[in-house]
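Peer 1: Fold the following.
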Amino acid sequence: MFPHRLTDSRAFEIARALIEGFDRHYRLFSQTNLEAKARFEAADWHGQQRAQRERIEYYDKRVDEAAERLQREFQAGALKMDVWQQVKLHYIGLLVDHKQPELAETFFNSVTTKILHRSYFHNDFIFVRPAVATEYIESDGPGALPTYRAYYPQQATWRSAWRQMVQDFGLTLPFEDLGRDIDDVAGTLEQVLGAFTPRANFQIQVLSSLFFRNKAAYVVGKVINGFQETPFALPILHGREGLVIDTVLHSEDDLLMLFSYARAYFMVHMDVPSAYVQFLRSLMPRKPRAELYSALGLQKQGKNSFYRDLLYHLRHSTDTFRIAPGIKGMVMLVFDLPSFPFVFKVIKDYYPPQKDTTREQIKGKYLLVKTHDRVGRMADTLEYSNVAFPRARFDDELIAELQKFCPSLLEISDRDGDGQIEVIISHVYIERRMIPLNIYLQEATPAQVAAAVVEYGNAIKDLVAANIFPGDMLWKNFGVTRNGKVVFYDYDEIEYITDCNFRRVPPPRNEEDEMSGEIWYSVGPKDVFPETFGPFLLGNPAVRDVFMAHHADLLDPAFWQGHKERILAGHVHDVFPYEPARRFSVRRAAAAEAAATV
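Peer 2: The predicted structure is shown next:
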């Protein structure tokens, strides 16, 4: 119950210290995003990658700083409950007219839960639900950008509106041929929109900031023509003689791929994140808010929003958590809730002898994936500590499995003293559920098998381009998404390509070596022999035929070594969130070739 009066003078000072800590965090976060434009224009791809990694660390650093300040100035850990309730009320007051209230609420939770015992964490103390509405918040003040800009072309000015829209982003580098690119964009969208008749409410709405990731800058918006809304994104790249618009993405599925949970977070400058999320939801109504916040680089807000979704789902469902279907992992215990499209992964306390690793090393691999460019081929994970689930929702077989393999991470008790038995897991990763590739191949038609094997090889090649060696490349460590993409999700053996030694298998020294079941050559800890992949992966003749037709180079050490040398030389590969055939340059080349043969 909240106190009727704000009686403690320390409460307001604590609330103000907390909001100052958050504002400092968001200021540094925004500055990094703002500088992404200059890095893009300078083609400073390594700087962009470095900024991406460092930005992920900002939040925890600011939380630690704020917690330390509260302890130092207010002995915050010793304050009574009623003081903290007053702190929360003052904090809510400070969020009036704030541009990022939902992020500030999450920051409040992060700092206070770091200081205080879990028994404090209930609805009238932390922000379990948002206290401040985020609808219709807008940027204002000198120099503030609106969330989006609107353009109102008539049919005769359709192309000039697109040109003006691109120019309004103020990129300092010239385009190779902006008129040519605008013709390609406008012509493609005219085909998509069908009979092109501008109606009342004909406009183009575009978010005011560019979205930067990998080696591209994206324009994101929608075309509104009467009652029809068409989302779009324009990737802008460095061409040979200037900037180019590479293609136009023009459907919800295209945008879902662009904002996939298997891709790195965007860098985008925004005063009001909730307004960006609301706009993006109008383009992708099936995309959860949690994933959009994460895609915008606000992964802590994504975690908070996801956890609220989980609690809501648990309240409105009755099925039980179970051991996840599929081959059990040697390092991770995986369970799921059939009605919820995510899996929960817990690091086991011990592993078979062939897994020479530790809990800290495994956590380090997952952090590597979090901070790396996932290029659409590695699933993002949400990492949580001390997650409490109702014991009644766990089947007994899963409880027995947790008690056997993860006893150090498991507590089953009425820890809050409210009569509700809970399963408390001290460390868990949560990620999107996919169909394990080995199961998919067993149930697929021949055409689906062929497509999945091609996708599997493409996934590995995209990972190689991003300087990632998957380690264990067995089919069971890859999953198939709703749209048929193959994504890697087992990270305990990943390495940087540049840290590996790719070797050919030496010829046997004699007949005895050739007949031996044991290897006759030395193997270092980072040695990889691509020729040996075949026996583990290609036992099925149908799979082998497709693989060898499309990806035989993956069995050749020269393929891997060549990529390693290019990466060491500083090359950053382009990895596109769309098929290469959709690139305007590819289409123009194909058209020119067809014209030359006539």
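
Peer 1: quick one, what contacts the residue nearest the centre of the chain?
Peer 2: In the chain, the C-alpha closest to the average C-alpha coordinate belongs to Tyr261, at a distance of 3.9 Å (Cα atoms, centre = their mean). Tyr261 makes contacts with Glu291, Ser294, Ala295, Ala379, Asp380, Glu431, Arg432, as judged by Cβ atoms under 8 Å, 6 or more residues apart in numbering. For glycine as for every other residue, the C-beta is placed from the backbone atoms N, C-alpha and C.

Peer 1: Wasn't the fifth one part of a helix?
Peer 2: No - per DSSP: H, G, I helix; E, B strand; the rest coil, Asp380 lies outside any helix segment and is coil.

Peer 1: can you give me the helices in the stretch 201-350 of the chain?
Peer 2: If you assign secondary structure with DSSP state H, counting those that start in this stretch, the helices in the stretch 201-350 of the chain sit at 252-258, 273-283, 289-295, 299-315.

Peer 1: what's the closest of those helices to Ala15?
Peer 2: Ala15 lies closest, by Cβ to Cβ, to one member of the helices of the stretch 201-350 of the chain: helix 299-315, at 19.1 Å.

Peer 1: tilt between the closest one and helix 273-283?
Peer 2: 60 degrees (axes from the mean of the first three to the mean of the last three Cα atoms, to 10 degrees).

Peer 1: Any buried residues in helix 299-315, and which?
Peer 2: Residues of helix 299-315 classed as buried under the neighbour-count rule (16 or more other Cβ atoms under 10 Å) are Gln299, Lys300, Gln301, Gly302, Lys303, Asn304, Ser305, Phe306, Tyr307, Arg308, Leu310, Leu314.

Peer 1: what's the answer for stretch 33-49, then?
Peer 2: Of the residues in stretch 33-49, those scored as buried under the neighbour-count criterion (16+ other Cβ under 10 Å) are Asn33, Glu35, Ala36, Lys37, Arg39, Phe40, Trp45, Gln48, Gln49.

Peer 1: Could you do stretch 5-15 as well?
Peer 2: Using 16+ other Cβ under 10 Å as the burial criterion, the residues of stretch 5-15 that qualify are Asp8, Ala11, Phe12, Ile14, Ala15.

Peer 1: what about the fourth one, which helix or strand?
Peer 2: Going back to what we said before, that points to Ile14. Assessed by DSSP states H and E, Ile14 sits inside helix 9-41.

Peer 1: what's the next secondary structure element after that helix?
Peer 2: According to DSSP H and E, the helix or strand after helix 9-41 is helix 45-74.

Peer 1: Mind listing what's buried along that next one?
Peer 2: Buried residues in helix 45-74, defined by neighbour count with 16+ other Cβ under 10 Å: 45, 48-49, 51-52, 55-56, 58-59, 62-63, 66-67, 69-70, 74.

Peer 1: Check stretch 147-163 too.
Peer 2: The neighbour-count criterion (16+ other Cβ under 10 Å) identifies Thr147, Tyr148, Arg149, Tyr151, Pro153, Trp158, Arg159, Ala161, Trp162, Arg163 as the buried residues of stretch 147-163.

Peer 1: Any chance of CSV for the residues you listed, columns distance to Lys370 and secondary structure?
Peer 2: What follows is the buried residues of stretch 147-163, written out as CSV (distance: Cβ to Cβ, whole Å; DSSP: H, G, I helix; E, B strand; the rest coil):
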residue, distance to Lys370, secondary structure
Thr147, 28, coil
Tyr148, 30, strand
Arg149, 33, strand
Tyr151, 37, strand
Pro153, 42, coil
Trp158, 42, helix
Arg159, 42, helix
Ala161, 39, helix
Trp162, 36, helix
Arg163, 39, helix
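
Peer 1: Farthest pair within those?
Peer 2: The farthest-apart pair in the buried residues of stretch 147-163, when distances are taken by Cβ to Cβ, is Thr147 and Arg159, at 25.2 Å.

Peer 1: Now find how far off-centre the helix holding Ile14 is within its chain.
Peer 2: Here helix 9-41 is found 22 Å from its chain centre; the criterion is Cα atoms, centre = their mean, to the nearest Å.

Peer 1: Can you spell out which helices and strands pack onto that helix?
Peer 2: Other elements packing on helix 9-41 under the criterion 3 or more Cβ pairs under 8 Å, 6 or more residues apart in numbering; DSSP states H and E are helix 45-74, helix 81-94, helix 101-115, strand 211-213.

Peer 1: again, only using 7 Å
Peer 2: Helix 9-41 is packed against helix 45-74, helix 81-94, helix 101-115, with contacts defined by 3 or more Cβ pairs under 7 Å, 6 or more residues apart in numbering; DSSP states H and E.

Peer 1: rewinding a little: kindly indicate which of the contacts of Tyr261 lies nearest Val331.
Peer 2: Each of the contacts of Tyr261 was checked against Val331 using Cβ to Cβ; the closest is Glu431, at 14.8 Å.

Peer 1: And what about the closest one, helix, strand or coil?
Peer 2: Under three-state DSSP, the three-state class of Glu431 is strand.

Peer 1: do Thr197 as well
Peer 2: Thr197 - assigned by three-state DSSP - is coil.

Peer 1: give me the low-pLDDT residue ranges for the protein?
Peer 2: Within the chain, the ranges that satisfy pLDDT under 70 run 1-4, 117-125, 141-142, 155, 195-196, 415-417, 509-518, 520, 598.

Peer 1: Got the domain ranges for it?
Peer 2: Taking automatic domain parsing as the reference, the chain has its domains at 9-120, 148-298, 317-433, 439-582.

Peer 1: I'd like these as a markdown table, with distance to Ala594 appended.
Peer 2: Shown next, in a markdown table, are those (distance: least, Cβ to Cβ, whole Å):
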| stretch | distance to Ala594 |
| --- | --- |
| domain 9-120 | 33 |
| domain 148-298 | 17 |
| domain 317-433 | 30 |
| domain 439-582 | 14 |
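
Peer 1: Out of the ones you listed, which gets nearest to Ala595?
Peer 2: Distances from Ala595 to each of those were compared using Cβ to Cβ; the shortest belongs to domain 148-298, at 16.2 Å.

Peer 1: got the end-to-end distance for the closest one?
Peer 2: As for domain 148-298, its first-to-last residue distance stands at 20 Å under the measure Cα to Cα, to the nearest Å.

Peer 1: From the chain's centroid, how far away is it?
Peer 2: 20 Å.

Peer 1: same thing with stretch 567-586?
Peer 2: Taking Cα atoms, centre = their mean, the mean C-alpha location of stretch 567-586 is offset from the chain mean by 19 Å.

Peer 1: contacts for it?
Peer 2: Applying Cβ atoms under 7 Å, 6 or more residues apart in numbering, the set of residues contacting stretch 567-586 from outside is 45-46, 181, 184, 214-215, 245-247, 249, 254, 257-258, 263, 375-376, 462, 465-467, 497-498.

Peer 1: For it, which residues meet the burial criterion?
Peer 2: By neighbour count on 16+ other Cβ under 10 Å, the buried set for stretch 567-586 is Ile567, Val572, His573, Val575, Phe576, Pro577, Tyr578, Arg582, Arg583, Phe584, Ser585.

Peer 1: mind exporting it as CSV, just the C-alpha atoms?
Peer 2: The C-alpha coordinates for stretch 567-586 follow below in CSV (Å, rounded to 0.1, in the frame of the first residue of the first chain):
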residue,chain,number,x,y,z
ILE,A,567,39.3,-11.1,-42.6
LEU,A,568,42.8,-10.7,-41.2
ALA,A,569,43.6,-8.3,-44.0
GLY,A,570,40.7,-6.1,-42.7
HIS,A,571,38.0,-7.0,-45.2
VAL,A,572,34.4,-6.7,-43.9
HIS,A,573,32.0,-8.8,-46.0
ASP,A,574,28.6,-7.6,-47.1
VAL,A,575,25.8,-9.7,-45.7
PHE,A,576,22.4,-8.8,-47.1
PRO,A,577,19.0,-9.4,-45.4
TYR,A,578,17.5,-10.2,-48.7
GLU,A,579,18.2,-12.4,-51.7
PRO,A,580,21.0,-11.1,-54.0
ALA,A,581,18.7,-11.5,-57.0
ARG,A,582,16.7,-8.6,-55.6
ARG,A,583,19.6,-6.1,-55.9
PHE,A,584,19.0,-3.5,-58.5
SER,A,585,22.6,-3.9,-59.8
VAL,A,586,22.0,-7.7,-60.3
